[in-house]
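[1] quick one, what's the 3D model for this:
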Amino acid sequence: MGDSESKRKRYCLMCNLFKPDRCHHCSACNRCVLNMDHHCPWVNNCVGFWNRKYFLLLLFYVLFTLYYYVLTMTYSFVETIYWHMDAYKKNYDVEIKEVVIVALLEVSYVFVVFLTIVITRFTNFHMILVRKNMTTIESLEHKGTNYDSIVIVVYKE
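    Predicted structure coming up:
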């Protein structure tokens with residue numbers, strides 16, 4: 001295999017195979033995944049070496065769609081706020097249908113803004129991992145360790 005004999009070989013007890021470095025067994029998929037990042041419940045698959053690019057593209061497309069929705073619906077959301085203030089000041093008799101439509105628009109807008117913030121942070125986290133050439137599993141295993149190089153100077157007297 002080209003490994004040195006001093007290197008410890010890892011063995012997967014579930015697959016009954018030797019695992020290369022950065023390979024993990026997924027209990028949900030019941031298989032070993034090379035460079036496994038995580039098991040994604042939204043796509044019902046493991047994100048690893050062969051499909052990480054497509055997972056990141058999915059994040060970008062979802063983020064683009066959310067930003068587009070927020071930008072295009074901001075004006076309508078502000079209009080609904082003014083509609084509420086105007087109806088309150090002038091004591092309009094409004095139909096229940098109008099109230100439901102306005103409430104649905106406001107709730108969906110607030111939900112999408114919250115979702116946009118969450119997905120932005122999630123995408124940012126994964127882009128940092130890509131820049132560091134790490135996976136989510138590796139970042140969780142090494143939490144708290146410092147990756148900065150340490151220079152040790154030894155003085156001889």
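[2] what about the helices in this structure?
    52-90, 96-132, 136-141 (DSSP state H).
[3] could you list the alpha-carbon positions for the shortest one in PDB?
    Output of helix 136-141 as PDB, limited to C-alpha atoms (Å, rounded to 0.1, in the frame of the first residue of the first chain):
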ATOM      1  CA  THR A 136     -16.600  19.000  10.100                       C
ATOM      2  CA  ILE A 137     -15.600  15.800  11.900                       C
ATOM      3  CA  GLU A 138     -12.000  16.800  12.100                       C
ATOM      4  CA  SER A 139     -12.900  20.300  13.400                       C
ATOM      5  CA  LEU A 140     -15.000  18.700  16.200                       C
ATOM      6  CA  GLU A 141     -12.300  16.200  17.100                       C
END
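[4] and the residue nearest the centre of the protein?
    What sits nearest the mean C-alpha location of the chain, by C-alpha atoms, centre = their mean, is Phe122, with 3.4 Å.
[5] run through the residues that contact that one.
    The contact partners of Phe122, taken as C-beta atoms under 8 Å, 6 or more residues apart in numbering, are Leu59. Quick note: C-beta positions are derived from backbone N, CA and C, even for glycine.
[6] got it, and Ala28?
    Contacts for Ala28 (C-beta under 8 Å, 6+ apart) come out as His39, Cys46.
[7] what about it, distance to Val70?
    Separation of Ala28 from Val70 (C-beta to C-beta, to the nearest Å): 33 Å.
[8] one more: Phe18?
    According to C-beta to C-beta, Phe18 stands 49 Å off from Val70.
[9] for Phe60, same thing?
    16 Å.
[10] neighbour count winner among the two?
    Between Phe60 and Val70, Val70 has the larger neighbour count (other C-beta atoms under 10 Å), namely 16 against 13.
[11] any idea of the pLDDT on that one?
    pLDDT recorded at Val70 is 97.
[12] low-confidence ranges in this protein?
    Applying pLDDT under 70 to the chain picks out residues 1-7, 143-157.
[13] what do you get if the cut-off is 90, keeping everything else the same?
    Within the chain, the segments meeting pLDDT under 90 span 1-10, 12, 14-17, 19-22, 81-103, 138-157.
[14] how close does the nearest residue to Asp86 once chain neighbours are set aside get to Thr80?
    Spatial nearest neighbour of Asp86, excluding adjacent residues (C-beta to C-beta, 6 or more residues apart in numbering): Tyr92 at 7.5 Å. For Tyr92, the distance to Thr80 equals 14 Å [C-beta to C-beta].
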